[in-house]
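Colleague: 3D model of this:
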Amino acid sequence: MPILQLPDHLINQIAAGEVVERPASVVKELVENSLDAGASDLQIDIVAGGQKLMRIRDNGAGIERDQLALALSRHATSKISSLDDLEAVASLGFRGEALPSIASVARLSLCSRTAGADAAWLVEANGGTLSAPRPAAHPPGTTVEVHDLFYNTPARRRFLRTERTEFGHIEKWVRRLSLSRPDVAFTMTHNRRTVLHLAAAATAAERLQRIARICGDGFAEQAVFLEHETEGIALTGWLGLPTFNRSQPDMQYWFVNGRSISDRTLSHAVRHAYRDVLFHGRFPAYVLGITMDPAAVDANAHPAKHEVRFRDGRRVHGVVSQAVEVALADTRPGGHAVAPASILRRDSFTQGAMPLAAAHQPGSGAVRESLAAYRALSSAAPAAAPDRHGEQDEIPPLGFAVAQIGGVYILAENAQGLVVVDMHAAHERILYEKLKVGYDDQSVVRQPMLVPATIAVAQSEADLVEQSSDVLEKLGMVVDRAGPASLVIREMPALLKGADAESLLRDILSDLSQAGQSSRVENACHDLLATMACHHSVRANRLLTIDEMNALLREMEGTERADQCNHGRPTWTAITMAELDRLFLRGR
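Modeller: Next up, the predicted model:
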């Protein structure tokens, strides 16, 4: 075929293949346009999963009459005008492709009115033909209606799923966008039935309420607020406590300068921060946003703007990982306002489980006596943590021990009610954190390998080793290049002697290529320290004295991440007096 200039309508349909994947893509693009226009209230109406109708109405700035046709032309936008603007994009949209691409595969109408205009104006696009603007009744703002998506491209229409599935994708994106902009009200209907109504959230309590609507009450009740700013990067959001975890990464939301994205660097940073507090095979839940210089973020890295690229990914990774790790370090008794709680089942108490010699029946008077006795012994108890609250009459978060059940659990009473502690899991965490401090305070000790290991790699991996030799040395590994696609491992961390050097290096190279840095050596060393802590912690069926139990409780209160053991299991749980009363039907 001879070379031909493609017609504009076909060009738009080709572009629609990247921009318009399904109805959810249309809704996402139109809602982002409304947010860029300064809207504070959005009405989203969907019919038949978006295949018949998608209507987005906002109260934003609106579009002038003489610019309506321009808004539906290719590569026309009000958001950038030069290369400098493109390299520092602060808006959600910037390519000028969404509206003409959508109009090329659907019947589209655009009605808009600016704040100072006497009337609204309406234009319609059908099959590449644009009508002349005509007056219409409309409040200040813009409404975009998209009818019969893919009516003129039946091959693409056949790839659409059921009405329920397509609406599920729309709802997912609207929920994500509502998390990124809590200051905007969202209302969404499907087949004339309201399925989502979110008022604008101004205060912290209202923002948390919106998160509860999107992520569920369970997440909101077990989430802590994170706010951290350093090196020009501001990180804010909500972290789910380790006790609130998922079987898959389906509740992980990232927003970069308000843009909802998926990014491997950011996901890896959070996963690294949760490494010591989650059960294997489980995933954390979080809603986090980064605000930074737009010039340091390339928003033009993905056709549908689902991904971004950072100019300094290592720095971003380090800031995020450190901030999340510091926040999780305070997951200990009394550390966060939110604490794990569960109701003990009645079948947890079996006959003969509580040793009679250790059984006590404390009331508030007994707790006061324990507090007085503990103060009297505090000067002679080296394991006891200092009173962080400064009030002599305040009961510690875990209270005071009163019994030991089955040689495994410690029963304690605090100001709220009953506390049950898994003594092995708690002691394991305490020892592990002490071992980590000793390891982290010293530089990694390297040990030459008796027989250097030679491994074959891809040439790109060998190049990566040469570029990252300083990183590898910090990790305690000395690796030389022996050829275009060959490496020699000469030194390893002394703590990892006997480990599979080849597998460790390949894992490190995988991390370096993906996230720009690796924590494999640190994780492997920490795994060994965790094993040491597990083997040396107090075992089941060991009877402890009341003083020993209290000393363990005080150390828990002063130990980072003490809410869970090294394997992610909870170390303690609590049940309030009100919950106990409900169990026994008191007050009814």
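
Colleague: Under the pLDDT cut-off, which ranges of this structure? List them.
Modeller: Scanning the chain for pLDDT under 70 picks out 336-393, 438-444, 515-517, 528, 532.

Colleague: Counting neighbours, what do you get for the closest residue to Leu475 other than its chain neighbours?
Modeller: Leaving aside its sequence neighbours, Leu475 sits nearest to Val521 (Cβ to Cβ, 6 or more residues apart in numbering; 4.2 Å). Backbone N, C-alpha and C define where each C-beta goes, glycine included. Using other Cβ atoms under 10 Å, Val521 has 23 other residues around it.

Colleague: Hmm, Pro493 and Val521 touching each other?
Modeller: Yes: the criterion here is Cβ atoms under 8 Å, and Val521 meets it with Pro493 at 5.8 Å.

Colleague: And the helices in the stretch 201-350 of the chain?
Modeller: For the stretch 201-350 of the chain, helices defined by DSSP state H, counting those that start in this stretch occupy the ranges 204-215, 217-221, 264-273, 313-329.

Colleague: what's the closest non-adjacent residue to Ala48?
Modeller: Ala48 sits nearest to Glu163 (Cβ to Cβ, 6+ apart), 5.4 Å away.

Colleague: Surely the one you found and Gln51 touch.
Modeller: Yes: using Cβ under 8 Å, Glu163 is in contact with Gln51, at 7.0 Å.

Colleague: between these two, which one's more packed in?
Modeller: A count of neighbours by other Cβ under 10 Å puts Gln51 above the other of Glu163 and Gln51, at 23 against 18.

Colleague: can you give me phi and psi for the more buried one?
Modeller: Here is the backbone geometry of Gln51 (degrees, to the nearest 10): phi -80, psi -30.

Colleague: What's the local residue count around Leu495?
Modeller: 17.

Colleague: Just give the closest residue to it, not the sequence neighbours.
Modeller: Cys525 (5.0 Å).

Colleague: Quick check: the one you found is in a strand.
Modeller: No: if the criterion is DSSP: H, G, I helix; E, B strand; the rest coil, then Cys525 is helix and not within a strand.

Colleague: can you pull the contacts of the residue nearest to the spatial centre of the chain?
Modeller: Nearest to the geometric centre of the chain sits Tyr286, at 3.0 Å (Cα atoms, centre = their mean). By Cβ atoms under 8 Å, 6 or more residues apart in numbering, the contact list for Tyr286 reads Gly237, Trp238, Leu239, Gly240, Met251, Gln252, Tyr253, Val270.

Colleague: With neighbour count and distance to Arg311 added, can I get these in a markdown table?
Modeller: Shown next, in a markdown table, are those (neighbours: other Cβ atoms under 10 Å; distance: Cβ to Cβ, whole Å):
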| residue | neighbour count | distance to Arg311 |
| --- | --- | --- |
| Gly237 | 21 | 22 |
| Trp238 | 22 | 27 |
| Leu239 | 26 | 26 |
| Gly240 | 24 | 30 |
| Met251 | 18 | 29 |
| Gln252 | 19 | 23 |
| Tyr253 | 21 | 23 |
| Val270 | 24 | 20 |
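
Colleague: Can you tell me which of those is nearest His9?
Modeller: Tyr253 (37.1 Å; Cβ to Cβ).

Colleague: Go through the longest strand along the chain and flag the buried ones.
Modeller: If each strand of the chain is counted by residues according to DSSP state E, the longest one is strand 446-456. The neighbour-count criterion (16 or more other Cβ atoms under 10 Å) identifies Arg446, Pro452, Ile455 as the buried residues of strand 446-456.
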